[in-house]
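Peer 1: Sequence and predicted model, in that order:
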Amino acid sequence: MFRDRKILPFVGMVVSVLYFIYVMSLGSSTMIGDEIGGDPGGMVLPLGLSIFMFLGTTALFLTDKKQPSQGSKMETEQKRLFVLTVAVTLLYVLMARPIGYLLTTAWLLHTLTFFYLQGDVRAKESAIWLVSLVGSTALLVGLYTIGRRITRFLLLAGRQGTIPAFLGSTSVVVAIVLIVVTALFLLFMFIAKRVGKERLAQEPFKAAYIASMIAVATTELIYLIFRQLFLVELVRGIIQW
Amino acid sequence: MDIFLQGLAQIANVSTIVWMAIGSVLGIILGALPGLTATMGIALMMPISFQLPTATGIGLLLAVYCGAVSGASIPAILIGIPGNPNAIATVEDGLLMTKKGKAGEALGGAVVASFIGGIGSLLVLVLFSPLVARLTLAFGPAEKTTLALVGLVIIASVSGNNILKGLLMGAFGMALAFLGTDPFSNQLRIPFAKALATTPLSKGLDLTSTLIGLFGISQVFFELSKRFEKAQKVEPIKIDKVFPSFKKLVSMWKIIFSSLGIGTLIGAIPGTGASIAVFMAYNSAKTITENSKGKLEPLGSGSLEGVFAPEVANNAVTGGALIPALALGIPGDAATAVLIGALMVKGVTPGFHLFATNMALVYAIFTTMLIVNIFMALFQLLGVRLYPKVLSVPQEILLPQIVVLSFIGSYAVAGQATAVGIFNLGTALVMGLVGYFLKRDNYPIAPIVLGLILGGMFEENFRRAVKLAGGNYLVFFTKPICLLFIGLSILSIALPAINRRRAKRQ
């Protein structure tokens, strides 16, 4: 009977019923100092909303039917990529705190870029994905460590007066680190292209290389902007230095 | 004059100018990439703006907004695919001009048209927004309640094809806005209150993370559910003439003024947006060219007039949409809704209070609009040969970047509070998935944002109005302004429904 109905209005009906129960369980609270009365209380609007949402979703459930062309349009490869994205992003949210910003962000970027470039999630390519993931992690940690050392040196020397004070200011430190790290990164790219010239032209090695480079560059750049320039406390996780 | 100079001082520094320039370039690139909208660009830049002084942050967001609206014309002209819906009407004549070998003139014309639209609507914004804001002086809690209602209902009724879906999304947004604490009693209003009392949810959903999830992450899931669009290869184009001649501009004065008027007016009506304005401007230009006795080239034949009309209109929407946004706190479209969200995160509440207490910031915003329009025109003209290359960035590389930027953005809003940042990551992911499923079934997202932004204003004023009336719920039907707003709300629901029924019959 309901095969031609869409699932979302039904979900909406369930949510609105749950919302109604939740609002009822909360009870009404009135304004502080409302001795003479008149305040409708904090329950009125949420209650009204839950009733409206239930009636509205019920009406949609009964009227908004699936069109014959509106089936599941996703192909198997797309479905696999979709599931991978949901799983990897969920893992990112859960692991960001224990593992830290640097590694989780690079892994997320590397994994998504690699499999998107492949257009599918296939087991036979997982070995190449894993090896390139380890490689990009090593490169990132190396560049990060160099950047941190330069930062510490400049900040300390600037404060001690062994170098001109402006060299120890936040924006100049970020600029210097950016220049050094970019130079090292480009050098690595140049060497990698020279060494693996033939291999890097073939799939899936090409995708692994692109994914690694993008993951390292983006993660380091975001770190420099948000952590060093805007002083956002990005979680350190296992990389404590 | 002193206040104006104070406003100018807020933006007359290197940092603000640099961020505006960065915002303009980023906006143009975002606008040029098919599938990425101005709203998404603003949502992604919100966390960065949060780290900057208020005027600088707003400057960055406005630059992204204007840049993205204008940049959408690049792929529309070169490959016939609009960067976002704002440039749909530019496709026909723009692509034909490219095929005729006049790509440079089309791109340059679009930039000049966008500049005229932006500056023209800015003038209207400067003249009218203080007047509209002053009108709100007569508003008490009852009027403010019905004002929030009319904003919500209008945007719900015009976004999407199904009014009920729009209204439900508005209600859903309000329900999300009610999470947190009761504004009058401080009672916790979250599910599993005992267990979640110490979590960041006790302060309500974070607006920035919610917006980033709804506009950024959901778009990635949405693009994933389709086949990856192959990166567009743009054939090398010959660009010799970029600027349209002054004589040509003068001959199009009727088209320019009608498009400017349409864009500004449509922009100022909450919920309408540029995609409606561009078609109205295009149709109006069609009539003008047909009556020009051959002085103007007909639309649809690859004429500059066909590029000018929609491009003046879509950028005129930017200034128009800011009129209700700044003066009433009611956004003109989804992009300005996110802008209001950014202002509120900064502790600035739009409306008369802003004009009465922080006029310097208002002047700063006006001046910023002028500068970002100049930057938009400058950078788009300078990069007229470079931006086509942006179109060759494949989605496979772009989408993971959007995911990471969305996550970092929602995390960064928390600043030093790591636990809140991690909670924001979860919020962005959940809202991303919610946004995806809603988009998939054609539920409009913009009303959710309106519900989120206006929910608090609605509840506070509703309870205050009823309380002041001694518990009388009919207070909203006793005041003329309230009746006007209620009438407008009913009309905005009834008119589209009547029109649709009439169209079905025909």
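Peer 2: Perfect, thanks for sending it. The model shown is predicted, which means the values in this text are computed figures rather than measured ones.
Peer 1: C-alpha only now, for contacts and for neighbours.
Peer 2: OK.
Peer 1: From chain B, how far off is the residue of chain A positioned farthest from its centre?
Peer 2: Ranked by distance from the centre of chain A (CA atoms, centre = their mean), the top residue is residue A:36, with 51.0 Å. Computed as CA to the nearest CA, to the nearest Å, the residue A:36 to chain B distance reads 9 Å.
Peer 1: so that residue sits in a strand?
Peer 2: No - judged by DSSP: H, G, I helix; E, B strand; the rest coil, residue A:36 forms no part of a strand; its state is coil.
Peer 1: Okay, now the unreliable bits of the chain?
Peer 2: Going with chain A. A:1-4, A:35, A:67-73 (pLDDT under 70).
Peer 1: other chain: chain B
Peer 2: Using pLDDT under 70, the flagged stretches of chain B are B:35, B:158-160, B:227-240, B:271-273.
Peer 1: Looking at it, which residue is nearest chain A?
Peer 2: residue B:471 (3.9 Å; CA to the nearest CA).
Peer 1: So what pairs up with residue B:188 in the strands?
Peer 2: According to DSSP bridges, the residues that bridge with residue B:188 are residue B:181.
Peer 1: Next one: it relative to residue B:461, how far apart?
Peer 2: 19 Å (CA to CA, to the nearest Å).
Peer 1: Among the two, which residue is more densely surrounded?
Peer 2: Neighbours were counted for residue B:188 and for residue B:461 using other CA atoms under 10 Å in any protein chain shown; residue B:188 has more, 22 against 19.
Peer 1: picking that back up, okay, the residue nearest to the residue of chain B closest to chain A when sequence neighbours are not counted and residue B:139: tell me how far apart.
Peer 2: Excluding the flanking residues, the one nearest residue B:471 by CA to CA, 6 or more residues apart in numbering or on different chains is residue A:38, at 3.9 Å. Using CA to CA, residue A:38 is found at 20 Å from residue B:139.
Peer 1: Settle it for me: which of those two has more neighbours?
Peer 2: Between residue A:38 and residue B:139, residue A:38 has the larger neighbour count (other CA under 10 Å), namely 20 against 15.
Peer 1: who are the neighbours in contact with the more buried one?
Peer 2: By CA atoms under 8 Å, 6 or more residues apart in numbering or on different chains, the residues touching residue A:38 are B:466, B:467, B:468, B:469, B:470, B:471, B:472.
Peer 1: Can you pull the domain assignment for chain A?
Peer 2: A:1-70, A:100-241 (automatic domain parsing).
Peer 1: In TSV: those, plus distance to residue B:247.
Peer 2: Below are the domains of chain A laid out as TSV (distance: least, CA to CA, whole Å):
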stretch	distance to residue B:247
domain A:1-70	52
domain A:100-241	47
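Peer 1: In terms of position in space, what residue lies nearest the middle of the chain?
Peer 2: The chain I'm using is chain A. Mean-position check on chain A, CA atoms, centre = their mean. Result residue A:89 at 6.1 Å.
Peer 1: Sorry, I should have been clearer: chain B.
Peer 2: Closest-to-mean residue, chain B, CA atoms, centre = their mean: residue B:335 / 1.9 Å.
Peer 1: Give me the three-state assignment for the residue of chain B closest to chain A.
Peer 2: coil.
Peer 1: what does residue B:392 give?
Peer 2: Reduced to three states by three-state DSSP, residue B:392 is coil.
Peer 1: residues near it, how many?
Peer 2: Neighbours of residue B:392 (other CA under 10 Å): 14.
Peer 1: With residue A:218 instead?
Peer 2: Residue A:218: 17 neighbours (other CA under 10 Å).
Peer 1: List the contacts of it.
Peer 2: Residue A:218 touches A:106, B:401, counting by CA under 8 Å, 6+ apart.
Peer 1: likewise the one 3 residues further on?
Peer 2: Taking CA under 8 Å, 6+ apart as the contact definition, residue A:221 lies against residue A:178.
Peer 1: Give me the nearest residue to residue 61, chain neighbours excluded.
Peer 2: Since no chain was named, I'll use chain A. Nearest to residue A:61 is residue A:9, by CA to CA, 6+ apart, at 5.1 Å.
Peer 1: meant chain B actually
Peer 2: That would be residue B:42: by CA to CA, 6+ apart, it lies 5.7 Å from residue B:61.
Peer 1: State which helix of the chain is the longest.
Peer 2: You didn't pick a chain, so chain A it is. When chain A is parsed with DSSP state H, its longest helix is helix A:126-160.
Peer 1: nope, chain B
Peer 2: Ranking each helix of chain B by length (DSSP H) puts helix B:103-135 first.
Peer 1: to the chain's geometric centre, what's the distance from that helix?
Peer 2: Counting by CA atoms, centre = their mean, to the nearest Å, helix B:103-135 is centred 14 Å from the centre of its parent chain.
Peer 1: chain center to the helix or strand following that helix: distance?
Peer 2: Sequence order places helix B:141-158 as the next helix or strand after helix B:103-135, per DSSP states H and E. In this view, helix B:141-158 has its centroid 18 Å away from the chain centroid, taken as CA atoms, centre = their mean.
Peer 1: Please list all residues in contact with the closest residue to residue B:374 other than its chain neighbours.
Peer 2: Closest residue in space to residue B:374, ignoring its immediate chain neighbours: residue B:115 at 7.2 Å, by CA to CA, 6+ apart. Contact analysis of residue B:115 by CA under 8 Å, 6+ apart lists B:312, B:315, B:373, B:374, B:376, B:377.
Peer 1: Hey, what's the angle from the helix or strand the first one falls within to helix B:103-135? Just curious.
Peer 2: Translated: residue B:312. Element membership for residue B:312, per DSSP H and E: helix B:304-328. Between the axis of helix B:304-328 and that of helix B:103-135 there is an angle of 20 degrees, by axes from the mean of the first three to the mean of the last three CA atoms, to 10 degrees.
Peer 1: tilt between helix B:304-328 and helix B:141-158?
Peer 2: Using the same axes, to 10 degrees: helix B:304-328 against helix B:141-158 is 150 degrees.
Peer 1: just to revisit the earlier point, phi and psi next, for the residue nearest to the centre of chain B.
Peer 2: Dihedral angles phi and psi of residue B:335 (degrees, to the nearest 10) take the values phi -60, psi -40.
Peer 1: Residue numbers of the stretch 101-250 of chain B in contact with chain A?
Peer 2: B:164, B:168, B:171-172, B:175, B:178, B:182, B:184-185, B:187, B:189, B:191, B:221, B:224-227 (CA under 8 Å from any CA of the partner chain).
Peer 1: now with 6 Å?
Peer 2: By CA under 6 Å from any CA of the partner chain, the residues of the stretch 101-250 of chain B that approach chain A are B:184, B:185, B:225.
Peer 1: Residue numbers of chain A in contact with chain B?
Peer 2: A:31-32, A:38-39, A:74, A:93, A:109, A:112-113, A:116-117, A:232-233.
Peer 1: Let me know the closest of the residues you listed to residue B:58.
Peer 2: residue A:232 (19.6 Å; CA to CA).
Peer 1: Give the helix, strand or coil label for the closest one.
Peer 2: coil.
Peer 1: which residues does it contact?
Peer 2: Listed by CA atoms under 6 Å, 6 or more residues apart in numbering or on different chains, the contact set of residue A:232 reads A:226, B:415, B:416.
Peer 1: picking that back up, with adjacent residues omitted, what lies nearest to the residue nearest to the centre of chain B?
Peer 2: Per CA to CA, 6+ apart, closest to residue B:335 is residue B:39, 4.3 Å.
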